[in-house]
Structure formats: C-alpha cells, structure tokens
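Trainee: show me the folded form of this:
(2 chains)
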Amino acid sequence: GAGVSQSPSNKVTEKGKDVELRCDPISGHTALYWYRQRLGQGLEFLIYFQGNSAPDKSGLPSDRFSAERTGESVSTLTIQRTQQEDSAVYLCASSLTGGLASEQYFGPGTRLTVT
Amino acid sequence: QKEVEQDPGPLSVPEGAIVSLNCTYSNSAFQYFMWYRQYSRKGPELLMYTYSSGNKEDGRFTAQVDKSSKYISLFIRDSQPSDSATYLCGQEGIQGAQKLVFGQGTRLTINP
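Mentor: Sure, this is the predicted structure:
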C-alpha cells in the first residue's frame, strides 16, 4: 500500500519568504509527527498530532513555525519569514495509534534550502 | 548533555565484518528503544524495536539493551554492501509516545 508522502521533495526559497510543506500520512493512521533533520544531525521532534486532541507543539523552535492537520489526513507545516538556519530536511511520520510502541512510518522528507 | 549520544562516525568496514553500533542515553525513564536505518535521501525505516534489557535478534541483526548502564547496541553480522546507511538509535520520550528522541546517527559504509 501507499506509504507516507511529502511534497515538495525539494524547496529552495529566499530568506524572509514563507514556505508550506505538505504531508499525506498512511490512510487510517491517527497519529502524525513532524521532525527536522539538519545536515549530519539526528532527528529533532517538532510537533505531534493525535486524533482530535490538542497537538503537542513542544518541539517547535520558534513562533515562525506552525502546523495544521485536517482531521486524520493531510498536514501542512508552515515556516514564516524563513532564516538560513531553517535549512534542513523536514520529515513527516505517521503511526496507527500513537501509543507506546506504535511504529512510526516516515516519508522521504522535504529538503528545504534557504538562500 | 544530550539525551541520546551516538558516535556519528563515519564507520567503514569490509564486507562480511561484524559491525557494532552504540548509543548511550541519560534518562533512565526511557522505556522503549529502537534502531532506525536511513538510506541516503530517504526517510528512516524501523529496523529493530525492544523494551527490556537483554538481546533481541532478527536475522543478521541483534539489538542489545543494558538499562543499568544506559547503553544500547546494534550488531550486524556478515555485513553486506546493502547495509551501508545511517543508523539512528532512538528512545520513546518519557512523556509517552508523542515523540521519539534520536541520537545523531552513525554513517556506516560496507566495502565490497
């Protein structure tokens, strides 16, 4: 079946512009996560959605970052007034339940370059 | 101090060698431990998942957890060029499964 998909795969933007990154989770998965992976670094948690509960935004690095999810489907991560330090691969993952030991399935990521 | 420490490598070994990848963690409240494999320009994929101290084996891969020393390892036997990837150790956050806490990742190359 289809896995997690993300678009665009690559995005180059000028400093100060806003960008929107999209994630389509696996159908039926109630939990959705966003991570950031800087060059040569591990994954850094950004935000977590679980069903209709309030999202866990504890990983968002600044108020320039926001994310939305429509029901249990598509999610968009928005970065306003991009800075060069925002350059990274942004990974989305989904899991069936979001509970402990629920495997997270990752998309291929969006590679963001801020010039 | 980072919650999870992992030697970034790079690590390069000949085909057929036994590979040992290691992580240490600081918070003893972590319950679940996993290893993810990430090929270049791809998302990570779950390789192994374990809860308790001890060993868990899956084919050529063995995951080892030592909660007393807060140390986790991944062993790869009879390594193959297709094992060349970045290996990330991860732990489930103490506040539940809302997030995974990852190490930096070790880049591994298996030379034919």
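Trainee: the lowest-mean-pLDDT helix or strand in chain B near chain A at all?
Mentor: The weakest-scoring helix or strand in chain B, judged by mean pLDDT, DSSP states H and E, is strand B:100-102 (a mean of 84). Yes: judged by Cβ under 8 Å from any Cβ of the partner chain, strand B:100-102 comes into contact with chain A at B:100-102. From N, CA and C alone the C-beta is placed, and that goes for glycine too.
Trainee: on the three-state scheme, the most centrally placed residue in chain A is what?
Mentor: The centroid of chain A falls nearest to A:W34 when counting by Cα atoms, centre = their mean (3.1 Å). Assigned with DSSP: H, G, I helix; E, B strand; the rest coil, A:W34 falls in the strand class.
Trainee: gap between it and chain B?
Mentor: Using Cβ to the nearest Cβ, to the nearest Å, one gets 10 Å for the distance from A:W34 to chain B.
Trainee: and what of A:R111?
Mentor: Per Cβ to the nearest Cβ, A:R111 is found 8 Å from chain B.
Trainee: can you tell me the helix or strand for that residue?
Mentor: Element membership for A:R111, per DSSP states H and E: strand A:110-114.
Trainee: direction included, what does that strand pair against?
Mentor: strand A:10-13 (parallel), strand A:88-95 (antiparallel) (DSSP bridges).
Trainee: how about the residues of chain A that lie near chain B?
Mentor: A:4, A:31, A:33, A:40-45, A:48, A:50, A:56, A:58-59, A:91, A:93, A:95, A:98-109.
Trainee: still on that earlier bit, okay, the nearest residue to the residue nearest to the centre of chain A once chain neighbours are set aside and A:K57: tell me how far apart.
Mentor: Excluding the flanking residues, the one nearest A:W34 by Cβ to Cβ, 6 or more residues apart in numbering or on different chains is A:L46, at 4.2 Å. Distance, A:L46 to A:K57, using Cβ to Cβ, to the nearest Å: 8 Å.
Trainee: state the mean pLDDT of stretch B:19-37.
Mentor: The average pLDDT within stretch B:19-37 is 88.
Trainee: burial count for the nearest residue to B:G103 once chain neighbours are set aside?
Mentor: Closest residue to B:G103 apart from its sequence neighbours, by Cβ to Cβ, 6+ apart: B:Q6 at 3.0 Å. B:Q6 has 22 neighbouring residues, counting by other Cβ atoms under 10 Å in any protein chain shown.
Trainee: got it, and B:E15?
Mentor: So B:E15, with other Cβ under 10 Å, has 12 neighbours.
Trainee: same deal with the one 5 residues further on?
Mentor: The number of residues packed near B:S20 is 13, by other Cβ under 10 Å.
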